[in-house]
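In: turn this into a model:
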Amino acid sequence: MATNLAAVLHGIGDLRIEDRPMPTPGPDEVVVRIESVGICGSDVHYYEHGRIGDHVVRAPMVLGHESSGVVVEPGDSALRAGQRVAVEPGVPCGRCDQCRRGSYNLCPNVAFFATPPIDGSLAHFVAVNAAFAHPVPDGLSDDAAALIEPLSVGLWANRRAGTGLGSRVLVTGAGPIGVLCALAARAAGAGWVGLADVHPDRLAAAERFDADEVIDARNDVDYAAFRPDILLECSGAPPVVTAGVRALQPLGHAVLVGMGPTAEQNLPVSLIQNRELTVTGTFRYAHTYPDAIGLASSRRIDLDALVGARLPLKDAEAALKMGHTDPSVLKTVVRVQD
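Out: Model prediction:
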């Protein structure tokens, strides 16, 4: 009989590989055999701190939300057994005002994988809402299908910014999300894309991707010299947010993607007014998975190129520590069935 091993967080620094009950599909659900799960900064944060803001791990919780797999029990859905899927991890209620207007990423009742108290997908088998199990073509690897989730963050940020043909896009913060924001900007037709960071390993990694300029922000740098009309701010660092906003051309757009260390920070309001800048937040994504799958399967965005380490489920704790043990690894993937 199949087992359902999972990476379960019991508390700060306390991750255990345990056998969980086999899921059965509820109404509108399918059971997916998980193949690949990308490690996200939120997984690391829960492991190291036990909380993100108001979301606190109070009971054992399965980590992971960037995932792909194979449908093994299709239930009453239109999916078939054996169908490979990318799993969209947030299931909205479908009834609130935000859902009814199509902004389901802002649903206050969303059940999002690996956000307390909802279990995530670092498990052999997971029950998934059929509408959020997106079929992927055979040419797309399991790892790439899992990374449709962070690519969706990059697509959504660019949609919020209005990135288009000829846009000049400055991305601050060259972690996985920053790189994917840059690649999504290029795919949207940006005429110039710059990636800025202060970490040598991330700067070295950024050189491998399609950016016009990799900017070493350890030195004094004048972002305004690059004349950006779009800022995709992925570091969350207050001084970087301010410097990026100040660099924007008149009528520019700043999209705040990275989570800052504090809930509030100062912005140059008079400059925003005088240049008629638009500053907006971004929260997850909505209606992005089909486009993200298309970009990845056509190889316009090579998601496999982000992966620097692949570990089995039994080494999930090592995967969570990879950012400290090998900072040159941009993205770590857990191969659940290995």
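In: a helix runs through residue 242, doesn't it?
Out: Yes - per DSSP: H, G, I helix; E, B strand; the rest coil, residue 242 lies within a helix segment.
In: chain neighbours aside, what residue packs nearest to it?
Out: Nearest in space to residue 242, with sequence neighbours left out and distances taken as C-beta to C-beta, 6 or more residues apart in numbering, is residue 268 at 6.3 Å. (C-beta placed from N, C-alpha, C; glycine too.)
In: wait, the one you found sits on residue 247?
Out: No - counting by C-beta atoms under 8 Å, residue 268 does not reach residue 247; the two are 10.8 Å apart.
In: those two: who's more crowded?
Out: Between residue 268 and residue 247, counted using other C-beta atoms under 10 Å, residue 247 has the larger neighbour count: 21 against 16.
In: so how many other residues sit close to the closest residue to residue 87 other than its chain neighbours?
Out: Of all residues not flanking residue 87 in the chain, residue 67 sits nearest, at 4.6 Å (C-beta to C-beta, 6+ apart). Here the count is done by other C-beta under 10 Å, and residue 67 has 33 residues near it.
In: dump the residue contacts of residue 67.
Out: Contacts for residue 67 (C-beta atoms under 8 Å, 6 or more residues apart in numbering) come out as 34, 36-38, 86-87, 89, 113, 120-121, 126, 146, 149.
In: cool, and residue 275?
Out: 248-252.
In: again, 10 Å this time
Out: With contacts defined as C-beta atoms under 10 Å, 6 or more residues apart in numbering, residue 275 is in contact with 245-246, 248-252, 268.
In: which stretches in the stretch 201-338 of the chain count as helices?
Out: 238-247, 269-274, 289-297, 316-320, 322-325 (DSSP state H, counting those that start in this stretch).
In: same thing with the stretch 51-200 of the chain?
Out: Using DSSP H, counting those that start in this stretch, helices in the stretch 51-200 of the chain cover 97-100, 142-146, 148-161, 176-187, 200-206.
In: out of those, which is closest to residue 293?
Out: helix 148-161 (5.8 Å; C-beta to C-beta).
In: what about the strands in the stretch 201-338 of the chain?
Out: Listed in chain order, the strands of the stretch 201-338 of the chain (DSSP state E, counting those that start in this stretch) span 213-216, 230-233, 253-256, 278-281, 307-312, 331-335.
In: now could you export just the CA positions of the longest one as CSV?
Out: Read that as strand 307-312. Written as CSV, here are the backbone C-alpha positions of strand 307-312 (Å, rounded to 0.1, in the frame of the first residue of the first chain):
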residue,chain,number,x,y,z
VAL,A,307,17.2,25.3,-10.5
GLY,A,308,20.6,25.0,-8.8
ALA,A,309,19.9,22.0,-6.5
ARG,A,310,17.6,19.0,-6.5
LEU,A,311,17.1,17.0,-3.3
PRO,A,312,14.9,14.1,-2.2
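In: which strands and helices sit next to it?
Out: If you count contacts as 3 or more C-beta pairs under 10 Å, 6 or more residues apart in numbering; DSSP states H and E, strand 307-312 packs onto strand 29-38, helix 142-146, helix 316-320, helix 322-325, strand 331-335.
In: for the first one, same thing?
Out: If you count contacts as 3+ C-beta pairs under 10 Å, 6+ apart, strand 213-216 packs onto strand 168-172, strand 192-197, helix 200-206.
In: listing partners with orientation, what would you give for it?
Out: Strand 213-216 sits in its sheet next to strand 192-197 (parallel), going by DSSP bridges.
In: per-residue pLDDT, residue 338?
Out: Looking at residue 338, its pLDDT is 87.
In: ok, and the closest non-adjacent residue to it?
Out: Per C-beta to C-beta, 6+ apart, closest to residue 338 is residue 312, 4.1 Å.
In: follow-up on the earlier one: pick the most buried one from the helices of the stretch 201-338 of the chain.
Out: Most buried of these by mean neighbour count (mean count of other C-beta atoms under 10 Å) is helix 316-320; its value is a mean of 23.
In: how close does residue 334 sit to residue 65?
Out: Remark: distance between residue 334 and residue 65 (C-beta to C-beta, to the nearest Å) = 12 Å.
In: who's more crowded, the two?
Out: Relative neighbour count places residue 334 above the other of residue 334 and residue 65, with 32 against 25, counting by other C-beta under 10 Å.
In: distance of the more buried one from residue 142?
Out: 11 Å.
In: correct me, but residue 213 touches residue 203?
Out: No - when contacts are counted by C-beta atoms under 10 Å, residue 213 is not listed as touching residue 203 (11.3 Å).
In: no further queries at this time; thank you.
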